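Novice: please find the sequence and the predicted model below.
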Amino acid sequence: MTTDQPIIRLQNTKSRRREEFEPLDPKRVGIYLCGPTVYDRAHLGNARPVLVFDVLYRLLRQTYGAEHVVYVRNFTDVDDKINARAAEAGREIGDITAETIRWYHDDMDALGALRPNHEPRATDFIGAMVDMINELILRGNAYEAEGHVLFAVDSYDAYGALSGRSLDDMIAGSRVEVAPYKRNPMDFVLWKPSGAGQPGWDSPWGVGRPGWHIECSAMSRALLGPAFDIHGGGNDLLFPHHENEIAQSCCADPEAGFATYWLHNEMLQVEGKKMSKSLGNFFTVRDLLDEGISGEVIRLVMLGTHYGKPMDWTAKKRDDADATLRRWYGILAGHGFGPALIKALKADGQWEPDAEFLGVLANDLNTPGAIARLHVLAKGKTPAQLAGFAHGLDLLGLVPDWADLPRLAGGEGGAQVDDAIAQRIDALLDTRAKARASKDWDMADRVRDILTAAGVVVTDVGGQASWAAGPNFDAAALVDL
Ligand code: AMP
Ligand code: ZN
């Protein structure tokens, strides 16, 4: 971490306090996010944790270096909901999970979410789950009963600490399955038997399959180790899923402590109401993309609300985000931003985050505050003044491709420049550089006038010229000297 990096603060569900983030090892910062159960297209609510943790991932990479952050997000590809869907559709389970994972990648890529470093599928870690369950039995935290293995909640004193519930309250308020073989009604399944037609793996307890909670404990342990930095998910997972993950992991590795920081995003609503199929306000990320709403617009709307607050998707927010992004892209395209200018700014040491923007973002991922700061930074008048603005947009993942800026800004295709034309522009700039070197100001001005007439935006940074075809680019105006 360099000295000018901000202090990251995170609201830790475990302590219920906003704490300064101190990684166990700054050379290997670990995050685990509970991923989707794969049997259906991701709905808009599912995209919220993905985008929240994508911004956290980007901020950690900016702070500790990209190679020092390990982000894991799993696919739950063994689950009774998947079995039910396969039976209903008369299809193979493996077809459904493979197709859903493909969709998930397409949709989350379209939202500009970086792929995590590891995306483990639960079915690839059954051995690790069986091992962990065995250890829990040996340590006296789990027991076998009628082909099931159950976690004994009475064996773990801190059970309920994350969600702040006592065992008695849980039992009183719960709808848990009452089974005669459970010692305590809150005991939960680590392993269950599989019958014919159900996916099953050999185990010391017969052919069966894992419960959902043990999947995340085993996969995070395998990929991040028994102790790591941040564990996240929607707050609908706080209880029982995360409570159970903690019980399993802390009992299997009592010295380790599991995740230091627990981060939970609040839920997404639509026009003030819970998203649900019966209210007719249920839609998938793909539905929105198919309507022509871009991934960047969806992303900007999402980041407009702090992750710790319920977020409301509305048509007005969508339209406002669309207008804001067009304006912002237009400002940047108009000042020649693109891969070449960014390269020049980097070479010149000017491709740096704005300190205030970064400080606001680092304060518990205050994305609305960071966006407010971008509105101020957008008033810059030169590429150097706009560098922090461009860097901020980039850090929030709002520029899918810098080479594509003119199109994003709403330019009409004219900005696509083929190689032959690019070479002519390069040659003109070369002529201008030579003219300037020999103080032939007439020639330098003539070149500038030609490029201006053709709608080419030229930017000089650190003695290096770079150019971009602006929204009004007209190749026919590139007359020869
Ligand atoms: P699932 O596939 O249902 O386990 O959900 C995957 C992720 O989406 C979990 O992290 C959930 O917390 C999250 N999630 C589900 N519904 C919503 C919602 N309406 N708003 C925000 N996050 C949600
Ligand atoms: Zn999980």
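Specialist: Perfect, thanks for sending it. Ligands and ions are numbered 1, 2, ... in the order given.

Novice: and the gap between the residue in the stretch 151-300 of the chain that ligand 2 sits nearest to and ligand 1?
Specialist: Nearest residue of the stretch 151-300 of the chain to ligand 2: Cys216, at 3.1 Å (Cβ to the ion). C-betas here are computed from N, CA, C, even on glycine. Per Cβ to the nearest ligand atom, to the nearest Å, Cys216 is found 11 Å from ligand 1.

Novice: is that residue in a helix, a strand, or coil?
Specialist: helix (DSSP: H, G, I helix; E, B strand; the rest coil).

Novice: residues contacting it?
Specialist: Taking Cβ atoms under 8 Å, 6 or more residues apart in numbering as the criterion, Cys216 is in contact with 32, 34, 74, 241, 245.

Novice: look up the closest residue to the second one, ignoring the ones flanking it.
Specialist: Distances taken as Cβ to Cβ, 6 or more residues apart in numbering put Gly233 closest to Cys34, at 4.1 Å, once the chain neighbours are dropped.

Novice: what residues are bridge-paired with that neighbour?
Specialist: Using DSSP bridges, the beta-bridge partners of Gly233 come out as His264.

Novice: and the residue of the stretch 151-300 of the chain closest to ligand 2, what's its pLDDT?
Specialist: Looking at Cys216, its pLDDT is 98.

Novice: ok, Asp169 next?
Specialist: 81.

Novice: can you tell me the strand partners of the worst-scoring helix or strand of the chain on mean pLDDT and which way each runs?
Specialist: Using mean pLDDT, DSSP states H and E, the weakest-scoring helix or strand in the chain turns out to be strand 464-469, at a mean of 75. Using DSSP bridges, strand 464-469 pairs in its sheet with strand 456-461 (antiparallel).

Novice: quick one: contacts for the closest residue to Arg183 other than its chain neighbours?
Specialist: In space, and not counting its chain neighbours, Arg183 is closest to Ala152: 6.0 Å by Cβ to Cβ, 6+ apart. Counting by Cβ under 8 Å, 6+ apart, Ala152 touches 140-143, 183-184, 187.

Novice: what does Asn235 give?
Specialist: Asn235 neighbours (Cβ under 8 Å, 6+ apart): 264-267.

Novice: count the residues that sit near the nearest residue to Leu374 once chain neighbours are set aside.
Specialist: Nearest residue to Leu374 in three dimensions, chain neighbours excluded: Gly392, at 5.3 Å (Cβ to Cβ, 6+ apart). Neighbourhood size, Gly392 [other Cβ atoms under 10 Å]: 23.

Novice: over to Thr305?
Specialist: 20.

Novice: tell me what the nearest residue to Gly272 once chain neighbours are set aside is bridged to.
Specialist: Using Cβ to Cβ, 6+ apart and skipping residues adjacent in sequence, the residue nearest Gly272 is Asp312, 5.9 Å away. In this entry, Asp312 is beta-bridged to Gln269, by DSSP bridges.

Novice: who's in contact with Asp312?
Specialist: 268-272, 305.

Novice: if any of the residues you listed are buried, give me the ChimeraX selection for them.
Specialist: Entered in ChimeraX, the line below selects the buried ones among those, by 16 or more other Cβ atoms under 10 Å:
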select :268,269,270,305
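
Novice: could you dump the contacts of Asp312 to CSV with pLDDT?
Specialist: Listed next are the contacts of Asp312 as CSV, based on pLDDT from 0 to 100:
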residue, pLDDT
Leu268, 96
Gln269, 94
Val270, 92
Glu271, 89
Gly272, 89
Thr305, 98
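
Novice: the contacts of Asp312 also near ligand 2: which ones?
Specialist: Applying Cβ under 5 Å from the ion, the subset of the contacts of Asp312 adjacent to ligand 2 is empty.

Novice: could you measure Tyr375 against Ser276, distance?
Specialist: Careful, residue 375 is His; it's not Tyr. 34 Å (Cβ to Cβ, to the nearest Å).

Novice: and the contacts of Asp312 near ligand 1, which?
Specialist: For ligand 1, the contacts drawn from the contacts of Asp312 by Cβ under 6 Å from any ligand atom are Leu268.

Novice: now name the helix or strand holding the most centrally placed residue in the chain.
Specialist: For the chain, the residue nearest the mean C-alpha position is Asp54 (2.3 Å; Cα atoms, centre = their mean). In this structure, Asp54 sits in helix 44-64 according to DSSP states H and E.

Novice: that helix near ligand 1 at all?
Specialist: Yes. Legend: contact between helix 44-64 and ligand 1 by Cβ under 6 Å from any ligand atom is shown at 45-46, 48-49.

Novice: for the stretch 151-300 of the chain, just list every one of the strands.
Specialist: 188-193, 208-210, 227-234, 258-265, 268-270, 273-274 (DSSP state E, counting those that start in this stretch).

Novice: how far off centre is the shortest one?
Specialist: Translated: strand 273-274. Taking Cα atoms, centre = their mean, to the nearest Å, one finds strand 273-274 lying 24 Å from the centre of the chain it belongs to.

Novice: give me the domain ranges for the protein.
Specialist: As assigned by automatic domain parsing, the chain contains the domains 9-265, 415-481.

Novice: ok, which of those comes nearest Gly397?
Specialist: Of all those, domain 9-265 sits nearest to Gly397, with 4.3 Å by Cβ to Cβ.

Novice: got the residues of the stretch 251-400 of the chain near ligand 1?
Specialist: 265, 267-268, 275.

Novice: just the buried members of those residues?
Specialist: The buried subset of those - by 16+ other Cβ under 10 Å - is 265, 268, 275.

Novice: spit out the contact partners of the residue nearest to the centre of the chain.
Specialist: Asp54 neighbours (Cβ under 8 Å, 6+ apart): 112-114, 397.

Novice: of those, grab the buried ones for ChimeraX.
Specialist: In ChimeraX syntax, the buried subset of the contacts of Asp54 is picked out as below (16+ other Cβ under 10 Å):
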select :112,113,397
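
Novice: want to throw the contacts of Asp54 into a markdown table with pLDDT and secondary structure?
Specialist: Formatted as a markdown table, the contacts of Asp54 follow (pLDDT from 0 to 100; DSSP: H, G, I helix; E, B strand; the rest coil):
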| residue | pLDDT | secondary structure |
| --- | --- | --- |
| Gly112 | 98 | coil |
| Ala113 | 98 | coil |
| Leu114 | 98 | coil |
| Gly397 | 98 | coil |
